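okay, here's the prediction I keep looking at, along with the sequence it came from:
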Amino acid sequence: EVQLQASGGGLVQAGGSLRLSCAVSGLTFGNSAIAWFRQAPGKEREGIACIVSDNDDTVYSDSVKGRFTIASDNAKNTVYLQMNSLKPEDTAVYYCNTKWKLRDYWGQGTLVTVSS
């Protein structure tokens, strides 16, 4: 069974940094793509970053490009999201996601709160 475990959220001041982790199990990590999404209160869930594990290709949304970095550690089956220069508008629940054998799998979400 595919499982994703997100962690690392918390409270941080504007301008600060956090690193989220997503531990993945139940699939061939090197053949997967892992994405981070976020959902702010009252807003739709948005995709913000994605990495393809076999070649480290990455894609970012305009809202986080230049501030967030996604990276994978294939030895640990873990994907990280380094978030720098955080803004209050980054406040959201962050989810990791993968699509495996035509099914979507989601981590449980981790809350990031950025105070002004």
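All right, it came through fine.

can we go C-alpha only for contacts and neighbour counts from here?
OK.

contact partners for the spatially most central residue of the chain?
The centroid of the chain falls nearest to Trp36 when counting by C-alpha atoms, centre = their mean (3.0 Å). By C-alpha atoms under 8 Å, 6 or more residues apart in numbering, Trp36 lies in contact with Gly47, Ile48, Ala49, Cys50, Leu81, Tyr94, Tyr95, Cys96, Asn97.

could you redo the last one with a cut-off of 10 Å?
By C-alpha atoms under 10 Å, 6 or more residues apart in numbering, Trp36 lies in contact with 6, 20, 22, 46-51, 60, 70, 79-81, 94-98, 106-107, 109.

and if you look at Ser85?
Counting by C-alpha under 10 Å, 6+ apart, Ser85 makes contact with Gln13, Ala14, Gly15, Gly16, Ser17, Leu18, Val64, Gly66, Arg67, Phe68.

now do 7 Å
When contacts are counted by C-alpha atoms under 7 Å, 6 or more residues apart in numbering, Ser85 touches Gly15, Gly16, Ser17, Arg67.

with Ala71 instead?
Counting by C-alpha under 7 Å, 6+ apart, Ala71 touches Ile51, Val79, Tyr80, Leu81.

most neighbours out of the contacts of Ser85, which is it?
Tallying neighbours with other C-alpha atoms under 10 Å puts Ser17 at the head of the contacts of Ser85, with 17 neighbours.

quick check: closest non-adjacent residue to that one.
In space, and not counting its chain neighbours, Ser17 is closest to Asn84: 4.4 Å by C-alpha to C-alpha, 6 or more residues apart in numbering.

give me the distance between the one you found and Asn97.
Counting by C-alpha to C-alpha, to the nearest Å, the gap from Asn84 to Asn97 is 21 Å.

who has more neighbours, the two?
Neighbours per residue, other C-alpha under 10 Å: of Asn84 and Asn97, the larger number sits with Asn97, 24 against 17.
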